[in-house]
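# Compute the structure for the input listed below.
(one chain, ligands or ions: 2)
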Amino acid sequence: MGCDEKREPAGGRLRVQDIPALIQDHCRMRNPAKVERIINELVFGGPERMQIVSDFDYTITKQRMEDGGAVPSSFEIFNSCQSLPKNFKAETDKLYHKYRPIEIDPHMPIAVKVKYMIEWWTKSGELASGFPFDQSEIDQIASKYKHALRDGTHEFFADLQRLNIPTLVFSAGLGNSVVSVLRQANVLHPNVKVVSNFLQFRDGVLDGFQQPMIHTFNKNETVLNESSEYYDLVHTRDHIIVMGDSIGDADMASGVPASSHIMKIGFLFHHVEANMEKYMDTFDIVLVDDQTMDVPRTLLALIEKQHKLNMEAAKQSSL
Ligand SMILES: C[n+]1cn([C@@H]2O[C@H](COP(=O)(O)OP(=O)(O)O)[C@@H](O)[C@H]2O)c2nc(N)[nH]c(=O)c21
Ligand SMILES: [Mg+2]
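Ligands and ions are numbered 1, 2, ... in the order given. Okay, the predicted model is just below:
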């Protein structure tokens, strides 16, 4: 066991094969030994060293609803508001059809894509300008989707709050929709921070998005303002669970110290066969058509169980 030996949790080293949530058929890992090592690091380190970084669309929301209904993305929630100008939908659709293929082009270098993404988000912000708009419109639509969160999300966020674990929800979509869904689902606890694109108003009139722009390729902790409270908080937390449904989501914790222990969980739903290899290379754990928070909750439960054992042991030794 070498140098891992001294880092063994008091209750004994955990093994992947003994964790039922991780040995289900739809839970895939390229390197179970690495997963096991990270789990033991996270459990050994306890909740004080933990932070969560999660994507929003189709990571906190479901990729598939039981009733077959579609879940809109945060931009789509905004786009279905009634008071947007007549040409808005057609114009944003045009942008989508131009830039989306660039975003997912497997051959174009990221450095080249960035320029196009900045163009896309800028033009999208320009379209969302120059007319009055009321947040309550977003709230009304978002209220229909507060039940579209993964099963167990409520419990997961309640546990994160109880354990005081900072939780960063990252979205290159529209923050107003993200916050509205989370708030109406009662999971927007004080330990949850949403970093996204928020609508900006000038004299009661919509004026695009606030800075900094969050697009697909800067959606990581390097965009956090160094002077912000959250920056300080997460830079002292070097044990991280990263969750996402897109390949790029795996990099959301870039910007944290290199020594950090990071468990990357990927939710794979579309084109499972074609995407499997890439997801397995990118995420430590790949969950196929899993519409629950069971695996992250399992990890958290293991961390909490060990924490309680440690506290109990400390109490005994101080008697
Ligand atoms: C600027 N813009 C970007 N997007 C898409 O919104 C996504 C938001 O990115 P994300 O937050 O990573 O969300 P995800 O979980 O859906 O991947 C991007 O990946 C783009 O494809 C957009 N989608 C719509 N409908 N309208 C827009 O103006 C727009
Ligand atoms: Mg997503």
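
# Are we agreed that Lys193 is in a strand?
Yes - assigned with DSSP: H, G, I helix; E, B strand; the rest coil, Lys193 falls within a strand.

# count of residues packed around His107?
For His107, the neighbour count with other CB atoms under 10 Å is 4. From N, CA and C alone the C-beta is placed, and that goes for glycine too.

# just Asn275 next, same as before
By other CB under 10 Å, the residues close to Asn275 number 17.

# in which helix or strand would I find it?
helix 272-282 (DSSP states H and E).

# for the residue of the stretch 101-250 of the chain found nearest ligand 2, phi and psi?
In the stretch 101-250 of the chain, the residue that lies nearest ligand 2 is Asp245 (4.3 Å; CB to the ion). When read as degrees, to the nearest 10, the backbone of Asp245 gives phi -120, psi -10.

# got the contact list for it?
By CB atoms under 8 Å, 6 or more residues apart in numbering, the residues touching Asp245 are 55, 57-59, 63, 266-269.

# contacts with ligand 1 among those, please.
Residues of those in contact with ligand 1 (CB under 6 Å from any ligand atom): 55, 57-58.

# Inside strands: which ones of those?
Asp55 (DSSP state E).

# Show the buried residues in the ones next to ligand 1 among the contacts of Asp245.
Neighbour counting with 16 or more other CB atoms under 10 Å marks 55, 57-58 as buried within the ones next to ligand 1 among the contacts of Asp245.

# Specify which member of the residues you listed is nearest to Phe88.
Proximity of these to Phe88 (CB to CB) peaks at Asp57, which lies at 20.0 Å.

# Now do that closest one against Val242, distance only.
Per CB to CB, to the nearest Å, Asp57 is found 15 Å from Val242.

# Determine whether any part of the helix holding Asn275 lies close to ligand 1.
No - contact of helix 272-282 with ligand 1 (CB under 6 Å from any ligand atom) is absent, the minimum separation being 13.8 Å.

# Now that helix: buried residues?
Buried, per 16+ other CB under 10 Å, within helix 272-282: 275, 279-280, 282.

# go on, stretch 291-310?
Using 16+ other CB under 10 Å as the test for burial, stretch 291-310 gives 291-300, 302-304, 306-307.

# Specify which member of those is nearest to ligand 1.
Nearest to ligand 1 out of the buried residues of stretch 291-310 is Gln291 (CB to the nearest ligand atom; 15.0 Å).

# so how far is Leu95 from that closest one?
Distance, Gln291 to Leu95, by CB to CB: 30 Å.
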